[in-house]
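S.K.: take this sequence and fold it.
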Amino acid sequence: MSSLVRLAERAARPRIERATARYLSSLALQPARASRRSADALLANLGASPGPKVCLGEADWGSPVSLPLEELVKACGIMTGGMGAGKTMAACLVLDAVIARLPEMRSLAFGVLDAKGELFDRALLLLGRRLDALNGHAREELRKRIVVIDFSARHAITPYNILARWPYTEPDFFLTSRLETLKELLPTDGKLSLRGAVVLRNALALLSEAGLPLTYIGELLSSGPLRAKLVARSKNPYAREFFEGRMDQEGKQTIAALRARMDSLFASDGVRLALSGSTAPDFRRLQNEGAIVLVNCAGASITRGVRMLLQGLVLSDIRQAIFARPNQPPVSYLWLADEAQNFFLTRQQQENMADVLTMGRSFGSFFCFLCQNLTTAIPDSRILETLHTNIRWSLTLRGTPRDAQFLRAALPVSGRRQRPSANPYAEPSLYSPEEERSLLLDGVAHLPDRTGYLWLKTRSAEAIRIKTRALELPEGEDYRQAVETLREEPTIGDRMSLGEYERMIEERDRAWREPGETSDLAERLTRRYREEQLAWQG
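M.R.: Numbering: from 1, shown residues only. This is a model prediction of the structure:
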């Protein structure tokens, strides 16, 4: 080989080495680039599809994440993450996209069931802002579609008589369902005794048949005249036989224990007022008509046990209403349920949710569950498997790796992540894909706020790491004042003012109470308690 050729080779060697290094580096990045190309193609395809969209934010590499609303509304999904991770804000992005198209859009609607109050407040604020932007017929149409059920409100009341039977079910089934919910979730330390459950079932039967609310149960158990009126008008042979022949055989301790459990429900003025009504919301009609339903079970004076009971009762009503809807209805309905771990506390609730997850799609109703940790809330692995099998999308924000375990196989891996080495002269080695997934799964515990993995199960085998966008809302005192104004405004949400509501109750009570009896529940309970206390002491 001539010296000229050797010289040329020596001169070209650095350039060849650089080109070789670039080529090898590009090969190493091919898995990550292929994953990104696949995600970009999916996002572009979804963004170009017809119909309304919701912009959730952007992918790690900057691509916008804009999805068809139907992708999230007409499917069950979950949003998980610890406190402050951004679940509520992400849910509000979906709500805001729907609200911005109201009242013109009638094929999609939503409801909120909240046991914490934050999602309820923000949804109400978004609706109030939309109402302010409308005028004339459009504003009035949207206002009529909004239904607010706020158990903490004391000046704007929605009647919620939990003994008002669903119009699409049999009396015995309704009573059994109510009894099971009350037995399992009554806010007390111990379970209701068998004798107490028998008394409660017959009391519920009498009150429900007469159209009276649960707030009458104390008078029913202690007032002979009221009990005689109800028994005389009842057509239920079992309830009549019990109160005519067996009620007097029940011990005072059983009756007192049952009354104490019932009275614990009425410590909050808002709860007492709502439960004192004569009617209850018809969730079947509301879903079929595309109403926007906001339910708040939280409040400063509502204990955790009462919150869970109210949430369980409303959930039971929603579940029955879903299966009373026609197949493939014209309105697709999404229920956003915050603190969703409370929906799986009892065996009955787990079975109800399993029914909704497996069959709700046929009736056009879907659930989006928001919670910090589902794995610890659902000890039954079969129910947890049913949940993960039937969701079509998930957004996993900062949380525990155990709770994100279902996402493991969908985590996007590069295949080129190097192992750390203490020896600088050792040849670099790479993590296996499975090891890299384990590292990503552990990293879920340290994700920044509003950052997480979006997995569209039916669209892709891989999740996409995204950062959700911020929604502009008032802050601080401005936020509090705006929410409080809307919460206590009876003209919004198909509610009644306190004065109008009390007049309605007074008119109903006159037909059942003895002349001169007061309609104030707290005063009646205090008087009855003192009477029984004197009797016990005697």
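S.K.: and the spatially most central residue of the chain, how far from residue 399?
M.R.: Within the chain, the residue whose C-alpha comes closest to the C-alpha centroid is residue 337; the distance, by CA atoms, centre = their mean, is 0.9 Å. When CB to CB, to the nearest Å is applied, the distance between residue 337 and residue 399 equals 17 Å. (Glycine included, C-beta is placed from N, CA and C.)
S.K.: could you do residue 283 as well?
M.R.: In this structure, residue 283 and residue 399 are separated by 31 Å, where distance is defined by CB to CB.
S.K.: ok, residues contacting the helix or strand where residue 230 lies?
M.R.: Counting by DSSP states H and E, the secondary-structure element that holds residue 230 is helix 224-233. By CB atoms under 8 Å, 6 or more residues apart in numbering, the surrounding residues in contact with helix 224-233 are 206-207, 209-210, 212, 216, 219-221, 239-240, 243-244, 247, 512-514.
S.K.: please name the bridge partners of the residue nearest to the centre of the chain.
M.R.: Beta-bridge pairing of residue 337, defined through DSSP bridges, involves residue 113, residue 369.
S.K.: which residues touch residue 433?
M.R.: Applying CB under 8 Å, 6+ apart, we find residue 433 in contact with 413, 415.
S.K.: tell me the secondary structure for residue 165?
M.R.: Each residue gets one of three states, and residue 165 gets coil by DSSP: H, G, I helix; E, B strand; the rest coil.
S.K.: the closest residue to it other than its chain neighbours: what secondary structure?
M.R.: Spatial nearest neighbour of residue 165, chain neighbours left out: residue 174 (4.7 Å); criterion: CB to CB, 6 or more residues apart in numbering. Reduced to three states with three-state DSSP, the structure at residue 174 is helix.
S.K.: hmm, residue 174 is touching residue 166, no?
M.R.: Yes: applying CB atoms under 8 Å, one finds residue 174 in contact with residue 166, separated by 6.1 Å.
S.K.: show the buried residues in the contacts of helix 224-233.
M.R.: Neighbour-count burial (16 or more other CB atoms under 10 Å) is assigned, among the contacts of helix 224-233, to 206-207, 209-210, 212, 216, 219-221, 239-240, 243, 247, 512-513.
S.K.: max pairwise distance over those: which two?
M.R.: Of all pairs drawn from these, the one with the largest separation by CB to CB is 240 and 513; the distance is 21.2 Å.
S.K.: related to what we said a few turns ago, mind listing which of the contacts of helix 224-233 are in helices?
M.R.: In this view, those that belong to helices under DSSP state H are 206-207, 209-210, 219-221, 239-240.
S.K.: show me which residues of the helix holding residue 230 are buried.
M.R.: Neighbour-count burial for helix 224-233, with 16+ other CB under 10 Å as criterion, is recorded at 226-227, 229-231.
S.K.: same check on stretch 159-174?
M.R.: Buried residues in stretch 159-174, counting neighbours by 16+ other CB under 10 Å, are found at 159-166, 174.
S.K.: now swap in stretch 52-66 and tell me
M.R.: Quick answer for stretch 52-66 (16+ other CB under 10 Å): 53-54, 56-59, 63, 65-66.
S.K.: quick one: mean pLDDT for it?
M.R.: In this model, stretch 52-66 carries a mean pLDDT of 93.
S.K.: for that stretch, measure first residue to last.
M.R.: Between the opening and closing residues of stretch 52-66 we find a distance of 10 Å, counting by CA to CA, to the nearest Å.
S.K.: how about stretch 483-495?
M.R.: For stretch 483-495, the first and last residues are 16 Å from each other (CA to CA).
S.K.: just the strands in the stretch 201-350 of the chain please.
M.R.: Counting by DSSP state E, counting those that start in this stretch, the stretch 201-350 of the chain has these strands, from start to end: 292-296, 332-337.
S.K.: quick one: which of those strands is nearest residue 73?
M.R.: Across the strands of the stretch 201-350 of the chain, residue 73 has its closest neighbour in strand 332-337 (4.5 Å, CB to CB).
S.K.: that closest one vs strand 292-296, what angle?
M.R.: Computed with axes from the mean of the first three to the mean of the last three CA atoms, to 10 degrees, the direction of strand 332-337 lies at 10 degrees from that of strand 292-296.
S.K.: give me the distance between strand 332-337 and the centre of its chain.
M.R.: In terms of CA atoms, centre = their mean, to the nearest Å, the centre of strand 332-337 is found 9 Å from the chain centre.
S.K.: contact partners of that strand?
M.R.: When contacts are taken as CB under 8 Å, 6+ apart, the neighbours of strand 332-337 outside the stretch itself are 70, 72-74, 91, 94-95, 107-114, 119, 287, 290, 315, 318, 343, 364-370.
S.K.: just the ones of these in helices?
M.R.: Checked against DSSP H, the contacts of strand 332-337 include these in helices: 70, 72-73, 91, 94-95, 119, 287, 315, 318.
S.K.: among these, which one sits closest to residue 392?
M.R.: Taking CB to CB as the measure, residue 392 sits nearest to residue 72 out of these, at 8.9 Å.
S.K.: what is the neighbour count of the closest one?
M.R.: Other residues within reach of residue 72, judged by other CB atoms under 10 Å, total 24.
S.K.: next: residue 283.
M.R.: Here the neighbour count serves as a burial measure; for residue 283 (other CB under 10 Å) it reads 26.
S.K.: so for the nearest residue to it once chain neighbours are set aside, what's the pLDDT?
M.R.: What sits nearest to residue 283 in space, not counting adjacent residues and going by CB to CB, 6+ apart, is residue 321, at 3.5 Å. We have a pLDDT of 94 for residue 321.
S.K.: quick one: residue 321 and residue 166 touch, right?
M.R.: Yes: contact status for residue 321 versus residue 166: in contact at 7.3 Å, counting by CB under 8 Å.
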